[in-house]
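In: okay, sequence plus prediction incoming.
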Amino acid sequence: MLKKILFITGSAVLLMSSESFAAGDPEAGKTKSAVCAACHGAKGVSTLPVNPNLAGQVPGYIAGQLKAFKSGERKNAIMASQVINLSEEDMNDLDAFYASMPPSKDVSLTEEAAQLAVAGEAIYRGGYAQRGVSACKACHGPKGSGIAKHYPRVSGQHMEYLEQSLLAFKKGERIGHNGIMYDISFSLSEQQIKELSAYMAGLK
């Protein structure tokens, strides 16, 4: 249990200090993002709660996810069709564009979601020791802004998208970096996932 916690925390610190990313061209990425706007918004902020916000994501994360969609490692019929003709340069340019955009801060939770977020804060900041789950802030930062390619921004994200992503990890439909998110989500109940999603969505 302790080993898993130390591994997650240590991996985050290592990636912060040593991982490098291919630099893309944000201006070229802006042009190439036109086709993405229908689902993710012209500036990377989606109006559809089931689609993620891309603006302000940590450098390297979006390029990595696009590559995962293209290889089939991450499965989504819509995204698979979108990435099929993208080159690595295209992916890096899109990554650079979205990383350069200001993240969404216009997040308002319903009264019900705000109540869920109270319980979610305890997991995000303190983990869930009964099942060996470390604090989410260890990899995603105290404010949820993300810290490295494999540890993305979660703050300001749609609650619905966060919940569906964590459930996908829990069911093994999505694995993530080194299986870390599968292990964590599998150890949480669906109610805890809902609470955690509410809290992360409201982080600023």
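Out: Alright, I've got the coordinates.
In: quick one: the residue nearest the centre of the chain and Gln57, what's the gap?
Out: In the chain, the residue lying closest to the centroid (CA atoms, centre = their mean) is Pro152, at 4.5 Å. Distance of Pro152 to Gln57, given as CB to CB, to the nearest Å: 6 Å. Using the backbone N, CA and C atoms, a C-beta is placed for each residue, glycine as well.
In: cool, Gln82 as well?
Out: Counting by CB to CB, the gap from Gln82 to Gln57 is 17 Å.
In: pick out whichever of the two has more residues nearby.
Out: Neighbours per residue (other CB atoms under 10 Å) separate Gln82 from Gln57, with Gln57 holding more: 24 against 16.
In: contacts only, for Ala113.
Out: Going by CB atoms under 8 Å, 6 or more residues apart in numbering, Ala113 touches 159, 198, 201-202.
In: re earlier: surely the residue nearest to the centre of the chain is in contact with Tyr61?
Out: Yes - using CB atoms under 8 Å, Pro152 is in contact with Tyr61, at 4.4 Å.
In: quickly list what's touching both of these two.
Out: Common neighbours of Pro152 and Tyr61 (CB under 8 Å, 6+ apart) are Gly146.
In: the contacts of Ala113 in helices, which ones?
Out: In helices, defined here by DSSP state H, the members of the contacts of Ala113 are 159, 198, 201-202.
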